[in-house]
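A.B. asks: quick one, what's the 3D model for this:
(chains A, B and C)
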Amino acid sequence: MGRQPCCDKLGVKKGPWTAEEDRKLVNFILTHGQCCWRAVPKLSGLRRCGKSCRLRWTNYLRPDLKRGLLNEAEETLVIDLHARLGNRWSKIAARLPGRTDNEIKNHWNTHIKKKLIKMGIDPITHEPLNVKQVSPQDHDDHQELTKNSSSSNNSSSTPAENCSIDECKSSSDPKISDDDPLMNYILSETILDDPTWNFPVNKSDEYLEFGKCSSSDWLFDHKIDIGEDYFGFLDYFNDVDLKVSDFDDKQSQGN
DNA sequence: AAAACTGCCAACCGCCGGACC
DNA sequence: TGGTCCGGCGGTTGGCAGTTT
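C.D. replies: Sure, this is the predicted structure:
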């Protein structure tokens, strides 16, 4: 004897969400909070699977989402975390406030992966690709890359650590310095204070970025009534708090 | 101008671990 | 205790928009 079925497949709508559906979903969550996704479609009047509702909320409607392309710092962070964690997008996303695993996964597949390949780096292992696998132009890039990374000389570090995307893209980029700047950045306590995160810090400017979501402009009507705790921001900050335990997990798995 | 191509991303699918009955 | 469900995850796809030919 198990639970009741999640949702009957008959009559469940699929495909893109309409503004009206978004409105219903957000109204429901604003009223009842995030719990029991299975009940959400019934109670909110949506003809959607609960799973679909959860995805829509977490990937698109959540007010703390940053929208737009990942900036350079985020991209660099993703590359480094991927080198350590692999395709564990949710773990990676947990370290990028306002970004979803889906968003990061998409960005990886459409941008970063190609970039790394073009630079002669295997996006899976983060090690230099075989010269044979690299096109002549890419080979030149790779030679340039190796030249740069060898000049920065850190023989004990991993390839991924040796080659942040900024270093590869432009060795003269002053924003990224030597001495593993990425980890310094990650470990910096000021990372979450960086205004580029667009994360609500005080009540007066919270959710400003959310207004960029055209289909959800109406949500501004609600924002004044939403406390930071409502969306679990405090827990969220705890989640993104940089813990080494996940890295230890990864390492112990490898052993 | 239009067809073909490419890039992007929202959404779906299927699987898994843990919780529930 | 075993069957079933839920929530979460990663992989994949479909369709739209922009670009190229």
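A.B. asks: what about the closest residue to residue A:128 other than its chain neighbours, distance to residue A:14?
C.D. replies: Nearest non-adjacent residue to residue A:128, counting by C-beta to C-beta, 6 or more residues apart in numbering: residue A:120, 5.8 Å away. Bear in mind the C-beta positions are built from the backbone N, C-alpha and C, glycine included. With distances taken as C-beta to C-beta, to the nearest Å, residue A:120 is found 41 Å from residue A:14.
A.B. asks: wait, the residue nearest to residue A:128 touches residue A:127, no?
C.D. replies: No. Contact between residue A:120 and residue A:127 fails when scored by C-beta atoms under 8 Å: they sit 10.0 Å apart.
A.B. asks: please say which of these two ends up with more neighbours.
C.D. replies: Taking neighbours as other C-beta atoms under 10 Å, residue A:120 and residue A:127 compare with residue A:120 leading, 25 against 14.
A.B. asks: any idea which element the closest residue to residue A:45 other than its chain neighbours lies in?
C.D. replies: Excluding its sequence neighbours, the residue lying closest to residue A:45 (C-beta to C-beta, 6+ apart) is residue A:24, at 5.8 Å. Using DSSP states H and E, residue A:24 falls within helix A:19-32.
A.B. asks: could you list the buried residues of that helix?
C.D. replies: Residues A:21, A:22, A:23, A:24, A:25, A:26, A:28, A:29, A:30 are the ones in helix A:19-32 that count as buried (16 or more other C-beta atoms under 10 Å).
A.B. asks: repeat that for stretch A:113-132.
C.D. replies: Per 16+ other C-beta under 10 Å, stretch A:113-132 contains these buried residues: A:115, A:116, A:117, A:119, A:120, A:121, A:123, A:126, A:128, A:129.
A.B. asks: and which of those residues is nearest residue A:102?
C.D. replies: Residue A:102 lies nearest to residue A:123 out of the buried residues of stretch A:113-132, by C-beta to C-beta, at 18.0 Å.
A.B. asks: where does that closest one land in three-state SS?
C.D. replies: Following DSSP: H, G, I helix; E, B strand; the rest coil, the label given to residue A:123 is coil.
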